[in-house]
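Undergrad: Below is the sequence, then the predicted model.
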Amino acid sequence: MLIKNYNSANRTITLATCLFATLLQGCGFNLQGFAAKLTNSSDMQFQSFEPAFSKLAQTAGEKSVITVDNVCSPSEGWICMPEPLLPSDTIVGAWYSIYFYEKNGTDPDHWSDWTRYKPELGYYDSGDVIKKQYPYFKRAGVNYLLLDHTNGWFNDGGRIANNAKKVLNNLPSDIPVAMAGGFPLWNGQWNANERVIQMKNEADLLWNELAQKPNYLKWFDPSTNSYKPLFIVYNDLQNEHPNDEIKRYWKDSRFTVRYSAGDTDSRNRLLWPYAAEGLWGWLIRFPQITSKETMPVQPGHNTTHLPGRTAIPVLRNGGQSYMQQWLEILKQRPQNIIIPSWNDWGEETAIEPARRMVATAELHADHYGEETPDWYLQITEGYTNLRKGLMPNTYYRSEDDSKVYKVEGGKLVYQTAMPHRKPIIILPAGTLAKILLSSGSSESTVPGGPSGPTAPSNPTGPFMVGINLYNSTGSTYCYFPSMELFTKLTGLTGVETVPRYSAIPSGLVDAGVCTDKQAPTEQPISEGLFVLGTGIYYSNGTAYCYFPSMELYKQRTGRSEINGVRRVTSIPAAMKNDGDCK
């Protein structure tokens, strides 16, 4: 691998492997193009000139290395850093559901029966639409796909298997494909000996029909110091399987095998043995199980609309759940990031651009409630591009500061209004302060402010000026440096009801940063339903109870979803806990 960095201030060039001009040409380095960059790059501070190569993955084809586009160009308006927030050779993959779109007797068509959203590309057959999806994959920074075949090789009359072959044949080769399986392990219809036979049959089918194709993904196996076809095995690893090594650690020497659990809760000790290599899914809870090899990131999970499903949903909260997991990724810096999923609209984990078709589903919307079909694609793009730097025309803030900046002309420009149809990418604490200190970016503001509730003349409680959040006692005010602190101290998860001012009222005295002392008095939760985290509760005004399952929730309330149910961040200590709702 040839790694090159250029610093215009001292004209230093570092060439990791090729030291002389003749060797440079032998390594395939374009000297003429590089000289042109030296001549025309006086405004560059840092720039990488070639894609990075993943050490984890390759394919069997002629172009066997998996490359990551990490070219950061200040001349195109990027803000480039000496060390990217994500390592430049980190690769990103996405689970991909293999849809078919035709009815066959009483069989479902994967769309009208199971989903509440419609992709921008329309309802589709995966094998036919994959070429149209390719530009979306590239925009999202996805380097490979993991085909979800975890419901059995011959499920749906073999149409999923046939579509998997069409995907491999029609998808451009620079996005390779691997397969996830494991149906015989989790289905429960076979005994231990039968599971071994059925898993071998599934592995044989994968080996013979897909794994030898030139664009099938190979993964490094440290036990043999070689690259083998990747096979992800899905099973309910979160549950006890005493003395059952087949269920917990199924292997096949032809493959590099990695694992996916049904529910990845980092508090579950049964999952800790998998941390070294990482778990690839499925339901991802924050904080994720940390790993230096692979970590997952997921926008949300909701199956309340599916018959027989009782799991309490993990709501998206406008992208905040997704960005919280991405922040953990940035802090852990794994070699591989897997997104479950690109397009599972049945379990509503998808990041693919789509529109809501059923009012009870979560709306993918901007800060003003305007539907934005590519909201989660934009968030993904913002984070995967951190392998390069900060992207032009993109909005950022640090997790410890509510100030929002837009990248314009290679500089950070402070904003006084929430952007329309554009997410704000949250970065680790102190990130933007360091850039501002070192780059001379602009603290100048842009005019205008978001519309909102009319501000009273004498504020008491939370209020906003521009996009900054404050709290007033009536005589003093304090500043919330982060949305997290605002939510903790006020119990509010959004700002829709917070009154807005054009300036801080002159009669208020600055009390600095908000602390617990300035927090509004904690009041009991009024009568009705409420959500805390992923739990659903009912309050009678003085006591509360918990719904242990969606089945009981539906039975007692007549509701099949939780859209519109108020969210809280804590339950006041004065309220009595009545246990499970009866």
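TA: Nice, I can see it. Numbering: from 1, shown residues only.
Undergrad: what about the lengthiest helix in the chain, average pLDDT?
TA: Taking DSSP state H as the criterion, the chain has its longest helix at helix 192-209. In this model, helix 192-209 carries a mean pLDDT of 92.
Undergrad: got the CA coordinates for that helix in CSV?
TA: Extracted C-alpha coordinates of helix 192-209, given in CSV (Å, rounded to 0.1, in the frame of the first residue of the first chain):
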residue,chain,number,x,y,z
ALA,A,192,-28.7,-31.6,17.5
ASN,A,193,-27.6,-34.2,14.9
GLU,A,194,-30.1,-33.0,12.3
ARG,A,195,-28.9,-29.4,12.8
VAL,A,196,-25.4,-30.5,11.9
ILE,A,197,-26.7,-32.1,8.7
GLN,A,198,-28.9,-29.2,7.7
MET,A,199,-26.2,-26.6,8.3
LYS,A,200,-23.8,-28.6,6.2
ASN,A,201,-26.4,-28.7,3.4
GLU,A,202,-26.8,-24.9,3.6
ALA,A,203,-23.1,-24.3,3.6
ASP,A,204,-22.7,-26.7,0.6
LEU,A,205,-25.3,-24.7,-1.3
LEU,A,206,-23.5,-21.5,-0.5
TRP,A,207,-20.1,-22.9,-1.4
ASN,A,208,-21.2,-24.4,-4.7
GLU,A,209,-23.7,-21.7,-6.0
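Undergrad: And that helix, what does it pack against?
TA: Secondary-structure packing of helix 192-209 (3 or more CB pairs under 8 Å, 6 or more residues apart in numbering; DSSP states H and E): helix 159-170, strand 177-181, helix 183-186, strand 226-235, helix 245-249. The C-beta positions use only the backbone N, C-alpha and C, and glycine is treated the same way.
Undergrad: let's see it at 6 Å
TA: With contacts taken as 3 or more CB pairs under 6 Å, 6 or more residues apart in numbering; DSSP states H and E, helix 192-209 sits against helix 183-186.
Undergrad: just the strands in the stretch 351-500 of the chain please.
TA: 354-356, 389-390, 395-398, 405-408, 411-414, 424-427, 442-445, 461-465, 468-472, 476-480, 500-501 (DSSP state E, counting those that start in this stretch).
Undergrad: if we compare those, which one ends up closest to Pro87?
TA: Nearest to Pro87, of all the strands of the stretch 351-500 of the chain, is strand 389-390, at 13.0 Å by CB to CB.
Undergrad: and that closest one, how far out from the chain's middle?
TA: The chain centre lies 17 Å from the centre of strand 389-390; the measure is CA atoms, centre = their mean, to the nearest Å.
Undergrad: which helices and strands sit right next to that strand?
TA: Secondary-structure packing of strand 389-390 (3+ CB pairs under 6 Å, 6+ apart): strand 79-80.
Undergrad: and the strand it packs on, what does it pack onto?
TA: So strand 79-80, by 3+ CB pairs under 6 Å, 6+ apart, packs with strand 389-390.
Undergrad: wait, Met575 sits on Glu527?
TA: No. The criterion here is CB atoms under 6 Å, and Met575 misses it with Glu527 at 11.7 Å.
Undergrad: More neighbours: which of the two?
TA: Higher neighbour count among Met575 and Glu527: Met575, with 17 against 11, using other CB atoms under 10 Å.
Undergrad: what's the most buried one of the strands of the stretch 351-500 of the chain?
TA: Ranked by mean neighbour count, these are led by strand 389-390 with a mean of 26 (mean count of other CB atoms under 10 Å).
Undergrad: ok, and what's touching that strand?
TA: By CB atoms under 6 Å, 6 or more residues apart in numbering, the list of residues contacting strand 389-390 from outside reads Cys72, Trp78, Ile79, Cys80, Met81, Val407.
Undergrad: which among those gets closest to Asn143?
TA: Taking CB to CB as the measure, Cys72 is the one of the contacts of strand 389-390 closest to Asn143, at 17.2 Å.
Undergrad: I figured that closest one hits Met81, correct?
TA: No. Counting by CB under 6 Å, Met81 is not a contact partner of Cys72; they are 8.1 Å apart.
Undergrad: Please identify which of these two sits among more neighbours.
TA: Between Cys72 and Met81, counted using other CB under 10 Å, the more crowded position is Cys72 (24 against 19).
Undergrad: Phi, psi for the more buried one please.
TA: Main-chain torsions, Cys72, degrees, to the nearest 10: phi -110, psi 120.
Undergrad: now it: how far from Leu427?
TA: Per CB to CB, to the nearest Å, Cys72 is found 16 Å from Leu427.
Undergrad: picking that back up, what angle do the longest helix of the chain and strand 226-235 make?
TA: Calculated by axes from the mean of the first three to the mean of the last three CA atoms, to 10 degrees, helix 192-209 forms an angle of 130 degrees with strand 226-235.
Undergrad: and the strands of the stretch 351-500 of the chain, which one is worst for confidence?
TA: Mean pLDDT per stretch puts strand 442-445 lowest among the strands of the stretch 351-500 of the chain, at a mean of 49.
Undergrad: got the end-to-end distance for stretch 332-344?
TA: 26 Å (CA to CA, to the nearest Å).
Undergrad: How about the contacts made by Leu330?
TA: Counting by CB under 6 Å, 6+ apart, Leu330 makes contact with Leu85, Pro428.
Undergrad: In terms of helices and strands, where is it?
TA: Leu330 belongs to helix 320-332 when assigned by DSSP states H and E.
Undergrad: what would the strands of the stretch 351-500 of the chain look like in JSON lines with distance to Ser226?
TA: What follows is these, written out as JSON lines (distance: least, CB to CB, whole Å):
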{"stretch": "strand 354-356", "distance to Ser226": "40"}
{"stretch": "strand 389-390", "distance to Ser226": "35"}
{"stretch": "strand 395-398", "distance to Ser226": "41"}
{"stretch": "strand 405-408", "distance to Ser226": "42"}
{"stretch": "strand 411-414", "distance to Ser226": "45"}
{"stretch": "strand 424-427", "distance to Ser226": "38"}
{"stretch": "strand 442-445", "distance to Ser226": "52"}
{"stretch": "strand 461-465", "distance to Ser226": "57"}
{"stretch": "strand 468-472", "distance to Ser226": "54"}
{"stretch": "strand 476-480", "distance to Ser226": "53"}
{"stretch": "strand 500-501", "distance to Ser226": "61"}
